[in-house]
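S.K.: using only what follows, build the 3D model:
(chains A and B)
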Amino acid sequence: MVGRSLREIIWARLRRDRVAMICLVILIAYYTIGILGPVVASLAGISPYTLHPDLISDMGGKPIAAYGGISPAHPLGVEWGTGRDIAAQLLFGLRISLVISTAATFLTVVLGVVIGIVAGYSRGLTDNLLGRLMDLILAFPFLLIVLSLSGVLTQRLTELGVPEGNASRILYLVLVMSFFGWPYLARIVRGQVLSLREREFVEASVAMGAGRRRILFTEILPNLWAPILVYATLTLPNYIGLEAALSFLGVGVLPPDVTFGSMLANSVTYFNVVPTYLFIPGTALVILVVSFNLLGDSLRDALDPKGVH
Amino acid sequence: MVAYTVRRLILMVALLFALTAAVFFLFTLLPGDPARLTCAKACSPAIIEANRHRLGYDQPVLVQYGQFLGGIFFGRTFSSDSPQPIVCNAPCLGYSYTRHQQVLTLILNAAPVTFWLAVGAFLVWISISIVLGIFAALNHGHWPDRLVMGISLVGYSMPSFFIGLILIFFVVLRWNWLPFPSYVSPFDNPLRFLQTMILPWIVLAFLNTAFYMRLTRNQVLETFHEDYVRTARAKGLPERTVVVKHALRAGLTPLVTAAGMDLAALLGGAVITESIFSLPGIGSLAVNSVLQSDLPLITGITLFSSTLIIFANLVVDLLYAFLDPRVTIA
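M.R.: Alright, predicted model coming up:
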């Protein structure tokens, strides 16, 4: 039998997992659409900012066509009161959601891995101090703290020179979600490092006189990518949901830009009359989050050394 | 056990002190002007300066922290040099100028709503998830197991505000099964209370059931492979005794940890659920305080909720040591 690398084994297992493959395809589609959102929208001739007063009634602003104004030109309908295109809002909103959640996940993973490795390898006082710091950060309820700090810190970001409006809001979300999110991963990484540092290959490189940085990041880090990958795949949908929740509450992304959360918040006033306002963005959001969670789950199974080969 | 408890208590007090410093630092000390945040859109330079003085932001930073900390233990008086000083009793978490009330009073007024919401949801999700989790574990690998796990994953992925809105759409608006939620105390009108709370309970429970069902199942499955369970079977104990007394007791202790922490987090305010169902609890208070830029109130709520979590951490750790016969405390 030909020996296979770990990566090949895992890829082979994932490929056999039909659910994981479907989710992967869906996610690639979401990202492609998200990145190309503005291009797709202009090709389709729709824009999330253009008002269409001709498509809504003069009295109360209800879309004239049925199901929230669905028509060939506006496949998912138009917004109540303004006539802005729902499909275009989704395209642009998806991009904002993905940018925030992906950047925040990346930053969370970097912080969590670096601090986790340092804490686990150094033990003693450093480990103890970092551990208490993690305890302190974990004492803040995650959603509440991101909500509470939004006003204060967004204002301070603009005072530091970040453009006002959504640039500072997006930057705020990325920074605060990662700042309060890294300890969860750092704990996992620290635990792994505690056992890895006793292994022979670490001892060998210490004996060969390798520097601390080399041991930490060249010897130990490559052994951690499995839990890190799983953690990242499961954190990203969390952050998507969190951003949606904050925009829903009115402290996330501001109009005229929209994301899943603010679209759902807007739907509340009208969904009794036009249910599509609730179900279209809601379904798009759930499919995205479910796909990530299912993929993360399959990935965890595939990476589990106890799994069947 | 006593030494361990004392050690944990000391650690907790230290953590609480660090917490006050962290909250103070995050909300008041970062570069920027906290006084400007006290009046949102109504701001004029005169109001800002007046608030700066009233809230003590014109004092040196360490004096401010001292006053903040002193307020928690001994109470404090705001704008003591004005004709109408505002007395804030200990434990003083601050004074809300938007609402002209002490922050702690506002939190305690909202607390019963959040309490009923959290406790009700907790009972629903714990009972359902333990039953379904054990059921799945006993049918490991067969269709009931897969069904339960599938539902769990989808449930875990549903954003709670989407579930809440769907429930309102169908149950309240389309089918008219329940009146539109509006909170009343269970002592004033028990029926109306239940009608209002049942959907919020379902929303909160839905999310958590998914997670706890999975946790229960995995824990039970894991303990089934332990030596002491095999020993119990080998002794010829009836299957029921093996499952309930041996596998479950050890298997479910991690559940206690998670449940305690989640309950504490909920008691500190279920932000989204309270907003959707317009429940006037701590979570709604937090959202409104942010939207109104009521800095003292935001700070107070953050401190209150985090303190709950630190307390819960202690309780859960002690309970864990007490429940799990395998945990030995040095």
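S.K.: kindly report the residues of the stretch 51-200 of chain A close to chain B.
M.R.: A:132, A:135-136, A:138-141, A:143-145, A:147-153, A:155-156, A:159-160 (CB under 8 Å from any CB of the partner chain). In short, each C-beta sits where N, CA and C put it, glycine included.
S.K.: from the residues you listed, keep the buried residues only.
M.R.: Buried residues within these, counting neighbours by 16 or more other CB atoms under 10 Å in any protein chain shown: A:135-136, A:138-141, A:143-145, A:147-153, A:155-156.
S.K.: which of those fall in helices?
M.R.: Residues of those located in helices (DSSP state H): A:135-136, A:138, A:143-145, A:147-153, A:155-156.
S.K.: which residues of chain A score low on pLDDT?
M.R.: A:1-3, A:55, A:58, A:60, A:69, A:305-309 (pLDDT under 70).
S.K.: any idea which helix is longest in it?
M.R.: Max-length helix for chain A by DSSP H is helix A:86-122.
S.K.: helix, strand, or coil at the residue most central in space within chain B?
M.R.: Within chain B, the residue whose C-alpha comes closest to the C-alpha centroid is B:Ala265; the distance, by CA atoms, centre = their mean, is 1.9 Å. Under the three-state scheme (DSSP: H, G, I helix; E, B strand; the rest coil), B:Ala265 adopts helix.
S.K.: check contacts around it.
M.R.: B:Ala265 sits next to A:141, B:305, B:308-309, B:312 when contact means CB atoms under 8 Å, 6 or more residues apart in numbering or on different chains.
S.K.: how does it look with 10 Å?
M.R.: If you count contacts by CB atoms under 10 Å, 6 or more residues apart in numbering or on different chains, B:Ala265 has them with A:140-144, B:118, B:305-306, B:308-309, B:312.
S.K.: tell me how far it lies from A:Arg84.
M.R.: Using CB to CB, to the nearest Å, B:Ala265 is found at 37 Å from A:Arg84.
S.K.: do A:Leu175 as well
M.R.: Applying CB to CB to A:Leu175 and A:Arg84 gives a distance of 30 Å.
S.K.: which one's more surrounded, those two?
M.R.: Using other CB atoms under 10 Å in any protein chain shown, the more surrounded residue of A:Leu175 and A:Arg84 is A:Arg84, with 22 against 16.
S.K.: so which residues on the stretch 201-309 of chain A come close to chain B?
M.R.: A:234, A:237-238, A:240-242, A:244-246, A:248-251, A:260-261, A:264-265, A:267-268, A:271-273, A:275, A:278-279, A:281-283, A:285-294, A:296-297 (CB under 10 Å from any CB of the partner chain).
S.K.: show only the entries of these found in helices.
M.R.: For these, the ones inside helices are A:234, A:237-238, A:240-242, A:244-246, A:248-249, A:260-261, A:264-265, A:267, A:278-279, A:281-283, A:285-294, A:296-297, with DSSP H as the criterion.
S.K.: buried subset of the residues you listed as a PyMOL selection?
M.R.: Those of these that count as buried under 16+ other CB under 10 Å are selected in PyMOL with:
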select buried, chain A and resi 234+237+238+240+241+242+244+245+246+248+249+260+261+264+265+267+278+279+281+282+285+286+288+289+290+291+292+293+294+296+297
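S.K.: returning to what we had before: elements contacting the longest helix of chain A?
M.R.: Applying 3 or more CB pairs under 10 Å, 6 or more residues apart in numbering or on different chains; DSSP states H and E, we find helix A:86-122 packed against helix A:18-44, helix A:124-138, helix A:166-196, helix A:212-214, helix A:225-249, helix A:260-267, helix A:276-303.
S.K.: next structured bit after the third one?
M.R.: Going back to what we said before, that points to helix A:166-196. helix A:200-207 (DSSP states H and E).
S.K.: and that next one, how far from the chain's centre?
M.R.: 37 Å (CA atoms, centre = their mean, to the nearest Å).
S.K.: give the buried residues for the host helix or strand of B:Ala118.
M.R.: Using DSSP H and E, B:Ala118 sits in helix B:103-138. Going by neighbour count (16+ other CB under 10 Å), the buried part of helix B:103-138 is B:103-104, B:106-107, B:110-111, B:113-114, B:116-118, B:120-122, B:124-126, B:128-130, B:132-138.
S.K.: that helix near chain A at all?
M.R.: No - using CB under 10 Å from any CB, helix B:103-138 stays clear of chain A, with a minimum separation of 11.8 Å.
S.K.: right, and B:Val61 touches B:Phe25 too?
M.R.: Yes - look at B:Val61 against B:Phe25 with CB atoms under 10 Å: they come within range, at 9.4 Å.
S.K.: count of residues packed around A:Ala73?
M.R.: 15.
S.K.: distance of the nearest residue to A:Glu219 once chain neighbours are set aside from chain B?
M.R.: The spatially closest residue to A:Glu219, leaving aside those adjacent along the chain, is A:Ser205, at 5.2 Å (CB to CB, 6 or more residues apart in numbering or on different chains). Distance, A:Ser205 to chain B, by CB to the nearest CB, to the nearest Å: 33 Å.
S.K.: residues in contact with A:Ser205?
M.R.: Contacts of A:Ser205 (CB under 10 Å, 6+ apart): A:211, A:214-215, A:218-220.
S.K.: out of everything not next to it in sequence, what's closest to A:Leu130?
M.R.: A:Ala119 is the one closest to A:Leu130 (CB to CB, 6+ apart), at 4.2 Å.
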